[in-house]
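# make a model of this:
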Amino acid sequence: MASNIVEAGGFWWGDRTEKTPDIQFHFLPGAGVEEGIGSVPGGNGCTLNSYHVRPRSRGSVTLQSADLLDPPVIDPNPFAEHYDLDRAVDGIEISREILSQPAFAKYISREHLPGAATKGRAALEAFARQHGRSAYHPVGSCRMGSDADSVVDPELRVHGLQGLSVCDSSVMPRIVSSNTNAAVIMIAEKAADMIVGRGQLPA
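I've put the predicted structure just below:
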């Protein structure tokens, strides 16, 4: 309990035409501790995860039925845009490059996932499709905007309803290029200002 597990992180480019880094890395001094990832033989290992921070693919959240007790249908729709799959492969390749540096040589005996035998972009694409998962920061299911497809307006009011507003990461039109915590705090501060300034969120 003395560790937050993710001991180091960084950002770098997958698409070098981007103005700012588009891949985030998390280093964990452990392996097999994440949901869906099997344990490492021998029990000792480290993990370097990579995440494409500005995905172009868009998922959906829709109603399953008119029964409010039925859970919604959530489709993340990952890799709908091949661009995102390319960035996922970039992240794997950069992770391999990082862990192959001489400074790590005495600590790493072999690569467990995807495994040294997994070579070439086609094989890495297949690996990404099989093992890829979210980074736990979904946004945009109630995105802000003024067009017909948006859910809330720039003042967080739900279009077409009175007295109902949304104040969380779901209002983001696009995910920010990192963890969403600071941006959500900003959204909450803005909502608080409206509550204080007007007595309540705009009707």
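# how far away is the residue positioned nearest the centre of the chain from Val176?
Closest residue to the average C-alpha location of the chain: Ala135 at 3.7 Å, with Cα atoms, centre = their mean. According to Cβ to Cβ, to the nearest Å, Ala135 and Val176 sit 12 Å apart. Every residue, glycine included, has its C-beta placed from N, CA and C.
# check Glu35 too.
Between Glu35 and Val176 the computed distance is 24 Å (Cβ to Cβ).
# and for Leu164?
Leu164 is 25 Å from Val176, by Cβ to Cβ.
# could you do Arg143 as well?
Separation of Arg143 from Val176 (Cβ to Cβ): 13 Å.
# equivalent analysis for Trp13, please.
Computed as Cβ to Cβ, the Trp13 to Val176 distance reads 17 Å.
# quick one: the strands in this structure?
With DSSP state E, the ranges of strands along the chain come out as 8-12, 23-28, 47-52, 60-62, 73-75.
# one step back: the more surrounded of Glu35 and Val176?
Val176 (17 against 5; other Cβ atoms under 10 Å).
# got the contact list for that one?
139, 183 (Cβ atoms under 8 Å, 6 or more residues apart in numbering).
# again, but for Val53
Val53 makes contacts with 11, 21-24, 175, 177-178, as judged by Cβ under 8 Å, 6+ apart.
# those into TSV, with extra columns for neighbour count, pLDDT and distance to Gly120?
As requested, these are exported to TSV (neighbours: other Cβ atoms under 10 Å; pLDDT from 0 to 100; distance: Cβ to Cβ, whole Å):
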residue	neighbour count	pLDDT	distance to Gly120
Phe11	14	96	26
Pro21	17	96	25
Asp22	22	96	22
Ile23	22	96	20
Gln24	19	95	24
Ile175	18	89	30
Ser177	14	90	29
Ser178	15	85	30
